[in-house]
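Asker: Quick one, what's the 3D model for this:
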Amino acid sequence: MDSSTLRSNVRQIVGEMSPLGAREAKSDDRLVEELGYDSLAVIELSLRIEQDFALDTEATGGTPDITTVKDIEDFVEARVAAPTDAA
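Answerer: All right, here's what the predicted structure looks like:
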């Protein structure tokens with residue numbers, strides 16, 4: 001999946017799951033202030049992102065501080081591009 005498609009898919013998921021109702025999410029949207037995410041909604045979103053992009057955050061050291069949609073895009077892109085250890 002190319003970077004543009006990946007980022008578009010992330011924005012689509014974030015927009016669909018917005019507690020304020022489905023909307024078009026933009027990269028610079030802030031999760032809490034502009035899209036209405038609270039702690040539970042962020043957990044639900046992270047589980048959906050992990051599932052849809054087959055991410056293993058335990059193996060990658062967890063998640064950084066994420067406040068914007070772009071932060072999620074960057075995180076997912078870095079994890080998808082990172083080589084996996086065949087242990």
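
Asker: so what's the backbone phi/psi at residue 30?
Answerer: The phi/psi pair for residue 30 (degrees, to the nearest 10) reads phi -90, psi 130.

Asker: now it: how far from residue 2?
Answerer: Distance of residue 30 to residue 2, given as Cβ to Cβ, to the nearest Å: 26 Å. Glycine gets a C-beta too; all of them are placed from N, C-alpha and C.

Asker: Neighbour count for these two, which is higher?
Answerer: The neighbour comparison of residue 30 against residue 2 (other Cβ atoms under 10 Å) goes to residue 30, with 13 against 7.

Asker: For the more buried one, list each beta-bridge partner.
Answerer: Assessed by DSSP bridges, residue 30 has beta-bridge partners residue 68.

Asker: correct me, but it touches residue 66?
Answerer: No. If you go by Cβ atoms under 8 Å, residue 30 and residue 66 don't touch, sitting 10.2 Å apart.

Asker: Mind checking the pLDDT average for stretch 3-13?
Answerer: Per-residue pLDDT values across stretch 3-13 average out to 97.

Asker: which residues touch that stretch?
Answerer: 1, 24-27, 45, 48-49, 52-53, 69, 72-73, 76-77, 80 (Cβ atoms under 8 Å, 6 or more residues apart in numbering).

Asker: One more: stretch 15-33?
Answerer: Stretch 15-33 has contacts (Cβ under 8 Å, 6+ apart) with 7, 11-12, 14, 35-38, 41-42, 44-45, 48, 66-70, 73.

Asker: swap the cut-off to 7 Å and go again
Answerer: Residues from elsewhere that reach stretch 15-33, judged by Cβ atoms under 7 Å, 6 or more residues apart in numbering: 11, 14, 35-38, 41-42, 44-45, 48, 67-70, 73.

Asker: before we move on, the earlier item: among the contacts of stretch 3-13, which lie within strands?
Answerer: When DSSP state E defines the strands, the subset of these inside them is empty.

Asker: Which pair of these spans the longest distance?
Answerer: Within the contacts of stretch 3-13, 24 and 80 form the most distant pair, 22.6 Å apart (Cβ to Cβ).
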